[in-house]
Every structure is written in C-alpha cells, then in structure tokens.
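J.: What follows is a predicted protein model with its sequence.
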Amino acid sequence: VAPLLICIIDAWNLPSLRYSALNLDQLSSQKCYESSVAEWAYATDINDENEKTKLSLSLDIAKLSKEIWQNVTTTFPLWREFKDPDLVRKFKTITILGSAALPDDQYKKYAQLETDMTKHYSTTKVCSFKYKETCNLSLEPDLIKIMRESRDEEELRHVWTEWHDKSGGPTKQTYKQFVEISNQAAKLNNFKDTGALWLDGYESETFKDDVEELWQTLKPFYQQMHAYVRAKLRNVYGDQFSDDGLIPAHLLGNMWAQAWDNVFPLMTPYPTKASIDVTEQMIQQGYTPLKMFQVSDEFFTSLGLIPMPEEFWKESLIEKPDDREVVCHASAWDFCNKKDFRIKQCTRVTTTDLITVHHEMGHIQYDLLYKDQPYFYRQGANPGFHEAVGDTLALSVITPKHLKEIGLLDKSIPIDDYETSINFLFSMALDKIAFLPFGYLTDKYRWDIYDGTVDESQYNTHWWKLRKEYQGIKPPSERSEANFDAGAKFHVPANVEYLRYFVSTIIQFQFHRSLCIEAGQYDPLDSNKPLHNCDIYRSKAAGSKLAAGLSMGSSKPWPEVMKVITGQEKMDASAIREYFSPLEKWLTAANEKMGEIPGWK
Ligand SMILES: CC(=O)N[C@@H](CC(=O)O)C(=O)NC[C@H](CC1(C(=O)N[C@@H](Cc2ccc(O)cc2)C(=O)O)CCCC1)C(=O)O
Ligand SMILES: [Zn+2]
C-alpha cells in the first residue's frame, strides 16, 4: 500500500494526481461495501453461517485500515505538523482506528464478544405474566407493547424483571472481558481509555463540562416534570410509592424509563382537548409500514431534499419477518458505494414508530447529502448531528397543525388554544425532557467503567446509583450484583456510544428554531408564531439551509457546520427552553397547587 500511499498524499497535495486519492477512497469504500453486505445479511438473518461471514469480513476491513494506518504513521511521522489543515484532518481520520488497531487475534476476540452480546440481546425471550407456560415473548414487539399499554402493576413488574434478568445478567462476564479489550484498543489509538476515544469524536476539550452545564440548566425543568408525573402515577399505583420521592422504573411506559410519552393517557392536562397520539387514526386509515416510510420520504422531498433511491425501496427490511431471527433494533445503513442505502426496522403502526421512521430516514438523508465527500469525511459533523437530522424534521411532523395537514387529525378539532398546546407540549416533554438524564447517564456510567472508577463488582450498584441520582427512579424489584441491568439496554451489549442522543436532543431544537425562522414559521417577537407550533413542511429555504450544513459531512469541525445551519457555533439550551417555556410555567404552577415538592432524596 505504501507506494499507493505516497502518491495518495501527493494527490491530496497535487490535484493532478487525484486519481490515486480516488484509489484509497475506492479501496476503503469497496471493503466497506463488502463488510456492510455481510453485516446486513447477519442482522436480517441471525445464523451461524452469516455470523462467520460477517466476522471474517469485519476482520478484513480491520486489517486494511490497520495497514493504511501503519503506512501513514511510518511514512509521515510528522503529519500533525503539516501546514494544510485539511490534510491534517484527513490524516487524523485515518489514524483513529478504534478496535481495528488491535492485533488480529485480539480483534477476533473483541468482535466475537460484541457479536455474542448483541445476539443474546436480540434473541432473548421471556415468559408471559398471564400465561405462565408461554415463554416466547420478544422485546419487539411483545414486551414493548406490554410496557406501553398495560396498567397492571404486577404484569409490568413481571415483564420488567424477566427482561432485565434474562437479557442483562448473563452478559455481565462477557461485558467485563469486552471492556478490557476495548480499552487496549483505545490505548493503541493513543487514548487513555474507550471513554476518551468516544469523546474525541466531539473535538472539544470542554465537551464533558459543556454537557454537564447543559444538564444543570435543564435539570430544574426535568424535576418539575418528574414531580408532576410522580403525583399522577401515585394516583394510579398508590401503594408502589414511598416518601423517597423516587418513581418505580416499571411504571413509566418504557422498558428503560427513557421516554415517558406512553403514560400520557394517565395524566392528560386537559382530557377534553386533542392529543397527538394518532395511532388509532393510522390504523383506521389502513396505514402500513410502507405507507409510513412514504409519508416520511414525502416530507423530506417537500423540503427539496433527496428522495430515497430505488435500491432503498427494494432492499430495506421494514417489517419483522416471521421465519427467522433478526436484530429488530431499528437501524439505517450506508453501504459506502453511493447507491445502496437501507433501513432495517420491525415497524409497527404506531405514532412512536412514525417518529422512529423519520429518525432512521434522517440518517439516510445525511448519508445521501455527504456521499460525494472523500470517503473519510462521510460521517456526521459529530455523532450527535447524525442523530438530530430525523428528529429535527419530526418536530414539525408531530405538531397538531401538521397532523391535520396530512389527515391524521380531524380538521374540525380546535388546535390553536392554550390548553391544546399544553397537552401537546406535555406529550413532547414526556419524550424529550424525560430522555435527557438517561441520555447523559448511559455514557457517564460507561466512562466510569472504562476509566476504572468502577469494576465489575460494582457494575449494577453503580447503574442504579446513577439512575437514582439523574432520573429519580428506582428498580421495581430487588436487584443485586448477580444482575447487569445496564446490559438490558441495546447500546451497552452492542457497544454503541450514547452521548450522541443527549447532544441530539439539545441541538435538534437549535436546528428547528433556525429552520423555522427560515421557513417564516417562527418569529421570537410574534406570540402568534410560537416555536412549538412551527411546521417547516414544503419550505425549500429551510431544506436548502439544512442541506448546506449536512452536505459538509465531517470535512470541517462541527462548530462550523453548526454555524451554517443555525448561525451559532455552540450547543445552546435556549432553544429547547424556549420551545417548552409555556409548559415549564404550567408544571410549576400545577405542582404548587398539588403541594408536590420537586426532587428526591
Ligand atoms: C448501521 C447503524 O447502526 N446505523 C446507525 C445510524 C448511523 O450511525 O448512521 C443506527 O441506525 N443506529 C440505530 C439507532 C436506533 C434507534 C435508537 O437506538 N435510538 C436510541 C435513542 C433514541 C430514542 C428515540 C428517538 O426518537 C431517538 C433516539 C434508543 O432507542 O435508545 C432506535 C429508535 C430510534 C433510533 C439509531 O438510529 O440511532
Ligand atoms: Zn439514530
């Protein structure tokens, strides 16, 4: 590869030799394509044959990137001193290898451990509460549905405990081994541990402090919402509550208590007014998963963004097959050949899944917008940007105004009054504000493990310490170090960094505010155009502003991309606070009236 490399670097310097730069791009994207095909085959049909192929292809691509890395660092040991910042940036993306830096045998062990943990998570089955001998319930769709719909405290506790015992516990020792190898890889990349490697993706010395500050800014609002929800759940499940101020984790409508929108029906602020749960309407109108993807694609193209390519509609898997095991956790795939882009999602016809469809389509839209960047720049400006694309557009889609526009909310229903807006904002806060402490602690927990603060004898104790401190929740049943409850959350066994979702929750409101101004849908001085009512649907101006930033991929540091999209360079909680400000006032007054004191011991 060395000679190829020499002229590659020249090529980057001498446009005349561009063809050789293409070779490195072509070499890497070809290998990426092959390993993506093998990954996809496995994720959509979990069996030994596909697992072997997937592991061998991922070893191949690890070998190639290690070879390129070794040649770059030996041929150009002083690359950090180069004058051209773009060249230095390219070198940097090549030299951050992650697990591929491991020697082959260690890499094989790492990949096997990760595959074993993800396979265990994706195939775990539990027994039903009502029919004790039925033990084939999957997380998706069975347990998700029970957690969303059941109001039977014992059934919720059974399902929560079964899932946490069976999915997390058995992977604890595997995870401990995985942590050790993962840290070895980080050190080979010149990081002190995997947590530091993850944070490097945000290219900011102060990132941890910035995140902590954003959390401290929003924590009082979270505590007001937590207090109101706690009071309302106490009315329903009284005996489950004690005076510690904590909410039992199984009563919040979600297996991980990370989004509470499913308990909205138990605490609707104004029950006679409209709510944005349009699941019934979708079913009545004969919505199918395909229709949900078409509705989303139409929203993107209404902004002048790129339609899903032919391949997408042909190759995506949008419903759970009934003849094989698949990894149901939704995901969006870029096959690195500029043509093949797919989504794998076990889609159900629900409002939540309509939002998830937009989330996944947002990933593909970003992949499409930066597909002509050099291979190493075909990434999000930072991981949070990739997560924010779909959610930003979903903030418009989910408004009562837009739901009427697409016929999911009856035209006759009044939606411009104060009470309807409080219902809407409360439902949005149960999703977005409830998520913030979870989005933060899921990586804080793993930073503490990777940097050695916590060893495996404390894995479960530490998880519940953070879950109590940040979320104000507690487990519904006795937990011990025989459990590994963090392992019951996909991203831990699958080893996917999670802070990206906290970052996305903050910046998506900054993107939304900027695009709403561009679309003429929001004016900070016009109270008739509040931010939460904005729908950028059909605004080509908003679409082109978003596309201008996203097309840059990771070619520039993310503050520059942030500036293109929002005019600001920093993450800033003012947008999310402005969006929710009517609700924050309402909740504070409601808690005072109930005598409900925010916070917990
Ligand atoms: C090849 C590959 O892996 N590709 C990446 C994308 C990429 O890197 O290009 C990818 O598809 N990752 C999967 C992951 C799936 C989901 C997720 O895990 N979400 C978080 C947090 C959350 C929850 C609600 C929400 O509205 C938004 C976020 C959770 O469920 O806890 C499942 C539901 C939605 C998104 C994703 O799409 O981020
Ligand atoms: Zn995502």
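T.: Looks like it arrived, so ask away. Ligands and ions are numbered 1, 2, ... in the order given.
J.: Alpha carbons of stretch 93-103, in PDB - could you do that?
T.: Extracted in PDB, the C-alpha atoms of stretch 93-103 (Å, rounded to 0.1, in the frame of the first residue of the first chain):
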ATOM      1  CA  THR A  93      -9.500  10.400  10.400                       C
ATOM      2  CA  ILE A  94      -7.200   7.700   9.100                       C
ATOM      3  CA  THR A  95      -5.300   7.300  12.300                       C
ATOM      4  CA  ILE A  96      -8.300   7.000  14.600                       C
ATOM      5  CA  LEU A  97      -8.900   3.300  14.100                       C
ATOM      6  CA  GLY A  98     -10.900   2.200  17.100                       C
ATOM      7  CA  SER A  99     -11.000  -1.600  17.600                       C
ATOM      8  CA  ALA A 100      -9.200  -2.100  14.200                       C
ATOM      9  CA  ALA A 101      -6.000  -1.100  16.000                       C
ATOM     10  CA  LEU A 102      -6.000  -4.400  17.800                       C
ATOM     11  CA  PRO A 103      -3.700  -7.300  16.700                       C
END
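J.: How about it, which residues are buried there?
T.: 94-102 (16 or more other C-beta atoms under 10 Å). (C-beta placed from N, C-alpha, C; glycine too.)
J.: got the contact list for it?
T.: With contacts defined as C-beta atoms under 8 Å, 6 or more residues apart in numbering, stretch 93-103 is touched by 61-63, 65-66, 68-69, 72-73, 79, 107, 110-111, 181-182, 184-185, 188-189, 197, 200, 376-377, 379, 554.
J.: Show me which residues of the stretch 301-450 of the chain sit near ligand 1.
T.: 329-333, 355-356, 359-360, 363, 386-387, 391 (C-beta under 6 Å from any ligand atom).
J.: which of these sit farthest apart?
T.: Spatially, the most separated pair among these is Trp333 and Ile355, at 19.5 Å (C-beta to C-beta).
J.: still on that earlier bit, between the residues of the stretch 301-450 of the chain next to ligand 1, which is nearest ligand 1?
T.: Of all those, ligand 1 sits closest to Ser331, with 3.3 Å by C-beta to the nearest ligand atom.
J.: Pull the number of nearby residues for the closest one.
T.: 17 (other C-beta atoms under 10 Å).
J.: Run through the stretch 101-250 of the chain and note the low-pLDDT ranges.
T.: Within the stretch 101-250 of the chain, no range satisfies pLDDT under 70.
J.: what's the answer for the chain, then?
T.: 1-22.
J.: what residue lies at the spatial centre of it?
T.: When C-alpha atoms, centre = their mean is applied to the chain, the residue found nearest the centroid is Tyr501 (4.7 Å).
J.: Which secondary structure state does it sit in?
T.: For Tyr501, the assignment made with DSSP: H, G, I helix; E, B strand; the rest coil gives helix.
J.: The closest residue to it other than its chain neighbours: helix or strand, and which one exactly?
T.: Spatially, and ignoring its direct neighbours in sequence, Tyr501 is nearest to Gly439 (4.5 Å; C-beta to C-beta, 6 or more residues apart in numbering). Secondary structure from DSSP states H and E places Gly439 in helix 418-450.
J.: and that helix, which residues are buried?
T.: So helix 418-450, judged by 16+ other C-beta under 10 Å, has buried residues 420-450.
J.: Over to stretch 29-39?
T.: 29, 31-39.
J.: Show residues contacting that stretch.
T.: 50, 53-54, 56-58, 60-61, 64, 333-338, 340, 375.
J.: Of the residues you listed, keep whichever come out buried.
T.: By 16+ other C-beta under 10 Å, these give 50, 53-54, 57-58, 61, 64, 333-337, 340, 375 as buried.
J.: from those residues, which is closest to Ser128?
T.: Asn50 (29.7 Å).
J.: Isn't the closest one up against Ser56?
T.: No. Counting by C-beta atoms under 8 Å, Asn50 sits too far from Ser56 to count as a contact (11.0 Å).
J.: Other residues contacting stretch 526-534?
T.: 395-396, 399, 401, 421, 424-425, 428, 509, 512-513, 516, 519, 521-523, 575, 578-580, 582.
J.: Output the set of residues of the stretch 451-600 of the chain in proximity to ligand 1.
T.: Tyr501.
J.: Could you single out the nearest of the buried residues of stretch 93-103 to ligand 1?
T.: Using C-beta to the nearest ligand atom, the buried residues of stretch 93-103 come closest to ligand 1 at Gly98, 13.7 Å.
J.: Now do the phi/psi pair for that closest one.
T.: phi 70, psi -140 (degrees, to the nearest 10).
J.: Ile343 now?
T.: According to degrees, to the nearest 10, Ile343 has phi -120, psi 140.
J.: Was I right to think it contacts Ile364?
T.: Yes. If you go by C-beta under 8 Å, Ile343 and Ile364 touch, sitting 6.6 Å apart.
J.: Need the residues touching each of the two.
T.: The contact sets of Ile343 and Ile364 overlap at 312, 332 (C-beta under 8 Å, 6+ apart).
J.: In contact with Asp410, which residues?
T.: With C-beta under 8 Å, 6+ apart, Asp410 has these contacts: Lys404.
J.: tell me what the helix or strand harbouring Phe299 is packed against?
T.: Per DSSP H and E, Phe299 falls inside helix 289-302. On a contact count with 3 or more C-beta pairs under 8 Å, 6 or more residues apart in numbering; DSSP states H and E, helix 289-302 meets helix 351-369, helix 383-397.
J.: Can you list which of the contacts of stretch 29-39 are found in strands?
T.: 333-334 (DSSP state E).
J.: before we move on, back to that, buried members of the contacts of stretch 93-103 into ChimeraX, please.
T.: The buried subset of the contacts of stretch 93-103, as determined by 16+ other C-beta under 10 Å, is captured in ChimeraX by this line:
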select :61,62,65,66,68,69,72,79,107,110,111,181,182,184,185,188,189,197,200,376,377,379,554
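J.: contacting residues for Lys232?
T.: Counting by C-beta under 8 Å, 6+ apart, the residues that Lys232 touches are 263, 266-267.
J.: Columns neighbour count on top of the residues you listed, output as JSON lines?
T.: Listed next are the contacts of Lys232 as JSON lines, based on neighbours: other C-beta atoms under 10 Å:
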{"residue": "Val263", "neighbour count": "19"}
{"residue": "Leu266", "neighbour count": "15"}
{"residue": "Met267", "neighbour count": "17"}
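J.: tell me how far stretch 112-128 is from the chain's mean position?
T.: Relative to its chain's centre, stretch 112-128 lies at 20 Å (C-alpha atoms, centre = their mean, to the nearest Å).
J.: same thing with stretch 292-304?
T.: 21 Å.
J.: what comes up buried for it?
T.: By 16+ other C-beta under 10 Å, the buried positions in stretch 292-304 come out as 292-293, 295-297, 299-300, 303.
J.: which one of these is nearest Asp25?
T.: Phe300 (26.7 Å).
J.: so who does the closest one touch?
T.: By C-beta under 8 Å, 6+ apart, the residues touching Phe300 are 306-307, 361, 365, 393.
J.: ok, now His158?
T.: Applying C-beta under 8 Å, 6+ apart to His158 gives the contacts Phe129.
J.: quick one on the thing from earlier: want to throw the contacts of Lys232 into CSV with secondary structure and distance to Lys90?
T.: Listed next are those as CSV, based on DSSP: H, G, I helix; E, B strand; the rest coil; distance: C-beta to C-beta, whole Å:
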residue, secondary structure, distance to Lys90
Val263, helix, 49
Leu266, helix, 53
Met267, coil, 52
